[in-house]
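S.K.: Provided below are the primary sequence and the corresponding predicted coordinates.
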Amino acid sequence: MKQSKLINRIFVGLFLVFLCVMAVLFLVLPKAEYSTVERRRLEDAPKITWAGIRDASYMDDLEAYLLDHFPFREQLRSLKAFFAYDVLGQKENNDIYVVDGHAAKLEYPMSESSILKAADKMKALQEKYFPDAKVYYAVVPDKNYFLAEANGYPSLDYEKLETLMQEKLTDMEYISIWDTLTIEDYYTTDTHWRQERIGKTVERLAEQMGFSEYVMTEFEQKEIKDFYGVYYGQSALPLPSESMYYLTNDVIEQATQFNVETNQTKPVYELDLLEDETLMDKYNIYLGGAVAIQTITSPLAEREGRLIIFRDSFTSSLAPLLLNAYSEIILIDTRYVSSGFLGNYVDFTDAEVLFLYNPLVLNNSTMLK
C-alpha cells in the first residue's frame, strides 16, 4: 500500500514538474507569427477587456493563443498523427489519408442540393451577364476521384454529380476532362494538378472550344524545389517534399496580369513571392494565387479573342497555357466577390465564357457568392 502511494506521488510530482517546465518554455521561447506547415497566421495574445471577460470571448481567444504557441506543438502534432496511423491503425487523420505516397482529404457525403445550387448560380450569371455568349463548363477531378473508392474510402458519386450538372446546364456546352488526367498528374502533398502534366486537358479544352491550332507546345520547364502542399501540414505526417515546375516561353513572359483588388500589374508568374519568408503556399507563384478578379493581357497571342473564366485555384496554373489563343483572359473567383457587382468591373462583350470548378467547390457551393 505504501509502495503504491509512493508511486502515485512520484507520478504526480513528475507531472507537476512537466507542467512547470512547459510553462517556463512557453514564456521564454519566441512566438512565431505564422505556421508555414499549416499555412495560416497563428493567434496573437488577446487583450484583456471587460467585454471580453463578460461574454467569455477572452477565454476562447486565450485558449486559441495557448494552443497555437504550445512548446513543441508541431512535434506533438506529428506524434499524434503517427499514433493514429501506425499504432491505432486508423485509415485517416484529420480527414487526410495517404495512398501510395499521395495524400488526399476525404470529401463525403455528396450534397446534391449544393451541386444544384452551384449550377443555379452558374445559370443566373449566364442569364444576367452573357445570355448570348458561347458558354462552356468543365469539372476538374479532385484527387479523391482517383484514390478514394478504389482504396475503400467513402467517395462522392461523380457520375451523379456529372448528371446533375448536365441536367441543369442545358444551355452550356459540357467539356469532360476526367479521362485526361491520372493521379500522377497531381502533387503528392497538395490538392492541385501539376502544370507540366495537364497538356492533355488543355488539348481537350482546345478541341471543344475551337483553338486547337493555337495551343502552345514548346516551353522551358523551370523547377522550384522543396514544395510542401496543403495536405503536408494538415496530415502532420513527415511526408517528403517535392519539386514543382512552371512552364514558360516568350508568350507567357510578355503577358501581364492586372489585379483589380490591388490595382497592380504584375508578371504572370509572381516569382518574387518566393523571397517572402511568410509565403504560405508556393503554388501562389501562379498568378499570385486566387483573387477576386484579374485580367491577363497577352500581346504575343496569335489569336485575338477574349475568354472569361469563372474559376477556383486550379485555373491559376491552367490560364497561362491558354495565352497564345486569347489576347485577353479575365479570371473571376466568386468566392471573393459578389456576383451582383461583376458588371461594375468586367466587360462581358464579345467574350467566350468557361466555368471551371473542382468537386470540392461544387459540393460546398455556399462559398460561391
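M.R.: Right, received. Where do you want to start? Numbering: from 1, shown residues only.

S.K.: only C-alpha atoms for contact and neighbour calcs from this point on.
M.R.: OK.

S.K.: can you give me the strands for the stretch 101-250 of the chain?
M.R.: 102-105, 135-139, 173-174, 220-227, 242-248 (DSSP state E, counting those that start in this stretch).

S.K.: What count of nearby residues applies to residue 264?
M.R.: Neighbour count of residue 264, defined by other Cα atoms under 10 Å: 10.

S.K.: change the start of the numbering to 4 and stick with it
M.R.: Right, with 4 as the first residue, what we last looked at is residue 267.

S.K.: Phi first, then psi, for it.
M.R.: phi -120, psi 150 (degrees, to the nearest 10).

S.K.: contacting residues around it?
M.R.: Residues in contact with residue 267 (Cα atoms under 8 Å, 6 or more residues apart in numbering) are residue 261.

S.K.: Averaging pLDDT per element, find the lowest-scoring helix or strand in this protein.
M.R.: Across the helices and strands of the chain, mean confidence by mean pLDDT, DSSP states H and E is lowest for helix 76-85: a mean of 53.

S.K.: what element comes up after that one heading to the C-terminus?
M.R.: Where DSSP states H and E defines the elements, the next helix or strand beyond helix 76-85 is strand 99-102.

S.K.: wait, what's in contact with the closest residue to residue 259 other than its chain neighbours?
M.R.: Nearest residue to residue 259 in three dimensions, chain neighbours excluded: residue 270, at 4.8 Å (Cα to Cα, 6 or more residues apart in numbering). Residue 270 makes contacts with 256, 258-260, 290, as judged by Cα under 8 Å, 6+ apart.

S.K.: Could you report the distance from the residue sitting nearest the centre point of the chain to residue 135?
M.R.: Closest residue to the average C-alpha location of the chain: residue 316 at 5.7 Å, with Cα atoms, centre = their mean. Using Cα to Cα, to the nearest Å, residue 316 is found at 27 Å from residue 135.

S.K.: Check residue 297 too.
M.R.: Taking Cα to Cα, one finds residue 297 at 23 Å from residue 135.

S.K.: Compare those two and say which one has the larger neighbour count.
M.R.: residue 297 (24 against 12).

S.K.: that's a helix at the more buried one, yeah?
M.R.: No: judged by DSSP: H, G, I helix; E, B strand; the rest coil, residue 297 forms no part of a helix; its state is strand.

S.K.: Does it touch residue 262 like I think?
M.R.: Yes: counting by Cα atoms under 8 Å, residue 262 is a contact partner of residue 297 at 4.5 Å.

S.K.: so what are the domain limits for the chain?
M.R.: 5-76, 105-370 (automatic domain parsing).

S.K.: Point out the most buried one among those.
M.R.: Burial of the domains of the chain is given as mean neighbour count (mean count of other Cα atoms under 10 Å); domain 105-370 ranks first at a mean of 18.

S.K.: Can you tell me what sits against stretch 215-222?
M.R.: Residues contacting stretch 215-222 (Cα under 8 Å, 6+ apart): 205-206, 209, 250-252, 305-306, 324-325, 327-328.

S.K.: Pick out the most distant pair among those.
M.R.: 250 and 306 (20.1 Å; Cα to Cα).

S.K.: what's the closest of the contacts of residue 270 to residue 108?
M.R.: residue 290 (24.9 Å).

S.K.: how far away is the closest one from residue 322?
M.R.: From residue 290 over to residue 322 (counting by Cα to Cα), the distance is 9 Å.

S.K.: With residue 365 instead?
M.R.: For residue 365, the distance to residue 322 equals 20 Å [Cα to Cα].

S.K.: same check, this time on residue 215
M.R.: Residue 215 is 15 Å from residue 322, by Cα to Cα.

S.K.: can you check residue 371 too?
M.R.: Residue 371 is 20 Å from residue 322, by Cα to Cα.

S.K.: Sketch out the low-pLDDT regions of the stretch 254-372 of the chain for me.
M.R.: Across the stretch 254-372 of the chain, residues meeting the criterion (pLDDT under 70) sit at 281, 283.

S.K.: which ones are touching the spatially closest residue to residue 192 that is not a sequence neighbour?
M.R.: Using Cα to Cα, 6+ apart and skipping residues adjacent in sequence, the residue nearest residue 192 is residue 232, 4.6 Å away. Applying Cα under 8 Å, 6+ apart, we find residue 232 in contact with 190-194, 284.

S.K.: among these, which two are most distant?
M.R.: Using Cα to Cα, these span at most 14.6 Å, a distance reached by 191 and 284.
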